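A.B. asks: generate a structure from the sequence data that follows.
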Amino acid sequence: MSKIQKYLVGVVALCVIFFGLIVIRIGVAQPRDTVKLAKIPTEGNAQVGKDAYKDAYPLQYNSFMKNNEGNMTPTGYGGSKEGLSHLKTQPEMLTNFNGYKFALQYDDDRGHTYAGYDILHTKRLPGQKGSCIVCKGSYMYDVYFKEGGWAFASKPFEEVAAPITDDQWFGCSTCHDPETMELRVYNQAFVEALARQGKNIGDATHNEMRAYVCGQCHTEYYFAKEDGRVVLPYDLGLDAESEYQYYQSGLAKGFTQDWTHADSKASMLKAQHPDFETWSTSVHADAGVTCVDCHMPYMRDGGKKYTSHWMTSPLLTVEESCLKCHDEDKETLISRVKTIHDNTFKLQRIAGQTVAKAHKTIQAAMAAGASDAQLVDARNKVREAQWYWDWVAAENGMGFHNPDKIMRTLGLAIDLAHQSIESANAAVKGSL
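C.D. replies: Numbers count the residues shown, from 1 in each chain. Just a heads-up that it's a prediction; the model follows:
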């Protein structure tokens, strides 16, 4: 064998060893979840509860119960401590929601394990309907919807909630099929919204399901006027402007407002946590990164790999949630997120305060003699301005899920609020 041949053999051998080690390394680093499918009991709707799963899936169950903890993020925004009131940190909300139940209590969201307790103890509860349980656990689907479709939605909340035990609020079956443990979308409003877009939930890829399973509840919605069912306004697009046009277009079929503002008498809409819509056109979504990748990263316990079910801020699990893809250090990443949070909150406060000023300006115009006909334009503009501000304020990412979309939406809110103020002032002059 010549020297060249020996050299080539040596190179080939080194390549085989090198790439072999890489394959072994990948296999060790990224094994499939070491979870065996367990049979979940069904007696007495046990599969709806959490306790039926804790022995079969202890790593997932124990991490889910970490949602009981109250944690703040390193940036100071978000978190799950009891009693964090938006009405105290953003007092302009008291004006903007005047005449609506959100002016009574509007606390920051807590961990998913509090879904049942918090809805049962909120000051906003009296007078609500059964539709309010839809995103609080799969009892809505596995019991009520399977038995009678959307009939439960228009019944009194107290009647619908009464049979649900503490164990049967948000839990494993909310996201997993009890028989196969595959991810599932149980919220039929989400299924119906995608169907109107020509999408069959049954054709969704596994990666799409890693977004859908969260998006089915972390989204804007309203209650249909005819039967109280939950409806998602996706038909015209997944941004604040498209959803506002949905409500303006008549597609909501009789639903026109959530309440009449006590000061301005404007017809108002209340936005609900549009996290899915915000994320849907983000840089992370474009890269195929879903809610689960960031908020429920893979963890290790000894030799076992599992998906964390502590649905928390990625800033509390930076190594697992962020550094798998990003090559910056932890402190740099947190600093970048804090900048986005700070800028968003500052602009959100400006938008909210300007909207509040618009309501008060319209109220003053009424007192000065401006007629309802003269205030139509001002009321329409404050309705739209508040919708854009609220779309951001109700969203859970404080701008991070999609900074460009969020900043654009807040800009629209501020501009329209100023237009409303100008229009109300013009109405006063016109009435003199």
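A.B. asks: the stretch 1-150 of the chain: helices as residue ranges?
C.D. replies: Applying DSSP state H, counting those that start in this stretch to the stretch 1-150 of the chain gives helices spanning 3-29, 58-64, 86-89, 92-96, 115-121, 139, 146-148.
A.B. asks: tell me what the helix or strand just after the last one is packed against?
C.D. replies: Using DSSP states H and E, the helix or strand that follows helix 146-148 towards the C-terminus is helix 157-161. In terms of contact count using 3 or more CB pairs under 8 Å, 6 or more residues apart in numbering; DSSP states H and E, helix 157-161 is assigned no packing partners among helices or strands. C-beta: built from backbone N, CA, C; applies to glycine.
A.B. asks: go again with 10 Å.
C.D. replies: helix 115-121 (3 or more CB pairs under 10 Å, 6 or more residues apart in numbering; DSSP states H and E).
A.B. asks: any idea how far the residue nearest to Lys330 when sequence neighbours are not counted is from Glu158?
C.D. replies: Nearest non-adjacent residue to Lys330, counting by CB to CB, 6 or more residues apart in numbering: Val318, 4.9 Å away. Using CB to CB, to the nearest Å, Val318 is found at 43 Å from Glu158.
A.B. asks: those two: which is more packed in?
C.D. replies: Val318 (19 against 12; other CB atoms under 10 Å).
A.B. asks: who's in contact with the more buried one?
C.D. replies: Neighbour list for Val318: Pro74, Pro297, His326, Asp329, Lys330, Glu331, Leu333, Ile334, Val337 [criterion: CB atoms under 10 Å, 6 or more residues apart in numbering].
A.B. asks: who wins on neighbours among those?
C.D. replies: In terms of neighbours by other CB under 10 Å, the contacts of Val318 top out with Val337 at 23 neighbours.
A.B. asks: and the helix or strand that residue falls within, what other elements does it pack with?
C.D. replies: Per DSSP H and E: Val337 is located in helix 330-367. Helix 330-367 sits against helix 86-89, helix 92-96, helix 318-321, helix 376-393, helix 403-431, with contacts defined as 3+ CB pairs under 10 Å, 6+ apart.
A.B. asks: among the helices of the stretch 1-150 of the chain, which gets the worst mean confidence?
C.D. replies: Across those, helix 3-29 has the smallest mean pLDDT, namely a mean of 46.
A.B. asks: before we move on, the earlier item: now the residue nearest to Lys330: how far from Cys325?
C.D. replies: According to CB to CB, Val318 and Cys325 sit 11 Å apart.
A.B. asks: for the chain, give me the ranges with low pLDDT.
C.D. replies: Scanning the chain for pLDDT under 70 picks out 1-36, 79-82, 431-432.
A.B. asks: excluding chain neighbours, what is closest to the spatially most central residue of it?
C.D. replies: What sits nearest the mean C-alpha location of the chain, by CA atoms, centre = their mean, is His218, with 2.7 Å. Nearest non-adjacent residue to His218, counting by CB to CB, 6+ apart: Asp275, 3.8 Å away.
A.B. asks: thinking again about what came up before, in JSON lines: the helices and strands packed on helix 330-367, plus distance to Lys146.
C.D. replies: Converted to JSON lines, the helices and strands packed on helix 330-367 look like this (distance: least, CB to CB, whole Å):
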{"stretch": "helix 86-89", "distance to Lys146": "36"}
{"stretch": "helix 92-96", "distance to Lys146": "38"}
{"stretch": "helix 318-321", "distance to Lys146": "35"}
{"stretch": "helix 376-393", "distance to Lys146": "33"}
{"stretch": "helix 403-431", "distance to Lys146": "37"}
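A.B. asks: tell me which of those helices is the most buried.
C.D. replies: The highest mean neighbour count among these, using mean count of other CB atoms under 10 Å, belongs to helix 376-393: a mean of 25.
A.B. asks: picking up where we left off before, pretty sure the residue nearest to the centre of the chain contacts Ser280?
C.D. replies: No. Taking CB atoms under 10 Å as the definition, His218 is not a contact partner of Ser280, at 11.2 Å.
A.B. asks: what sits in contact with each of the two?
C.D. replies: What both His218 and Ser280 touch, as defined by CB under 10 Å, 6+ apart, is the set Ala211, Pro274, His401.
A.B. asks: the residue lying closest to Phe190 once chain neighbours are set aside: neighbour count?
C.D. replies: Excluding the flanking residues, the one nearest Phe190 by CB to CB, 6+ apart is Gln216, at 3.9 Å. By other CB under 10 Å, the residues close to Gln216 number 25.
A.B. asks: likewise for Gly111?
C.D. replies: Applying other CB under 10 Å, we find 21 residues neighbouring Gly111.
A.B. asks: could you find the closest non-adjacent residue to it?
C.D. replies: Closest to Gly111 by CB to CB, 6+ apart is Asn67, at 3.2 Å.
A.B. asks: alright, calling it a day.
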